[in-house]
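Participant: Predicted structure and sequence below. I'll ask about it afterward.
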Amino acid sequence: MTTRDGSVLERARGLLREVARFGAVGGLGVLVNLGVFNVIRHTTDLQVVRASVIATVVAIATNYLGFRYYAYRDRAQSGRTREMALFAGFSAIGLVIENGVLYTATYGFGWDGPLASNVFKFIGIGTATVFRFWSYRTWVFKALPPVAPPTGDAGQPAADPAPAPRPVPEPANN
């Protein structure tokens, strides 16, 4: 089965590669996010959600660099201002999703111990990641359009050039 942009298998493989690259950058972002969060929590008197917001912002900055220069390096690179604005906007929505989970656990249910804070921070990151993956690939780092085949004089696809003739092997002299 084929589609306009290639076989279903090719598209599935492309999506799998994209998810893997997104996951590599996101994994680094999770480490940065949780690391900064725990450093702030254990060295300052900031409230849980404030520490989480600061950690999320640091991770967002780290992730932008990873997405632009690694995960989505093959995507369109024009309109960097628009790209950054969209990335910041969708990242802010992700920040609200991520920290909303932590806020609800901390202030809604009173689960604010160090372990509970990290568990709900991690759950919030996971929930927001689904939204971020969809929004970044759909709106921020758009795929380049497929390359159209060259056209001939009348707007028709150009004919493939004739293949080069194969050399004829010479008979062996025995």
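Facilitator: Alright, I've got the coordinates.
Participant: and the residue nearest the centre of the chain, backbone torsions?
Facilitator: In the chain, the C-alpha nearest the mean C-alpha coordinate belongs to Phe22, at 4.0 Å (C-alpha atoms, centre = their mean). Main-chain torsions, Phe22, degrees, to the nearest 10: phi -60, psi -40.
Participant: In contact with it, which residues?
Facilitator: Counting by C-beta atoms under 8 Å, 6 or more residues apart in numbering, Phe22 touches 67, 71, 133, 136-137. C-beta here means a position set from N, CA and C on the backbone, and glycine is covered the same way.
Participant: and if you look at Tyr136?
Facilitator: Residues near Tyr136 by C-beta under 8 Å, 6+ apart: 22, 67, 72, 87, 90.
Participant: Please work out how many residues are found near Leu65.
Facilitator: 11 (other C-beta atoms under 10 Å).
Participant: element containing it, please.
Facilitator: helix 48-66 (DSSP states H and E).
Participant: Against which helices or strands is the following helix or strand past that helix packed?
Facilitator: Where DSSP H and E defines the elements, the next helix or strand beyond helix 48-66 is helix 80-103. Contact analysis of helix 80-103 by 3 or more C-beta pairs under 8 Å, 6 or more residues apart in numbering; DSSP states H and E lists helix 48-66, helix 114-135 as its packing neighbours.
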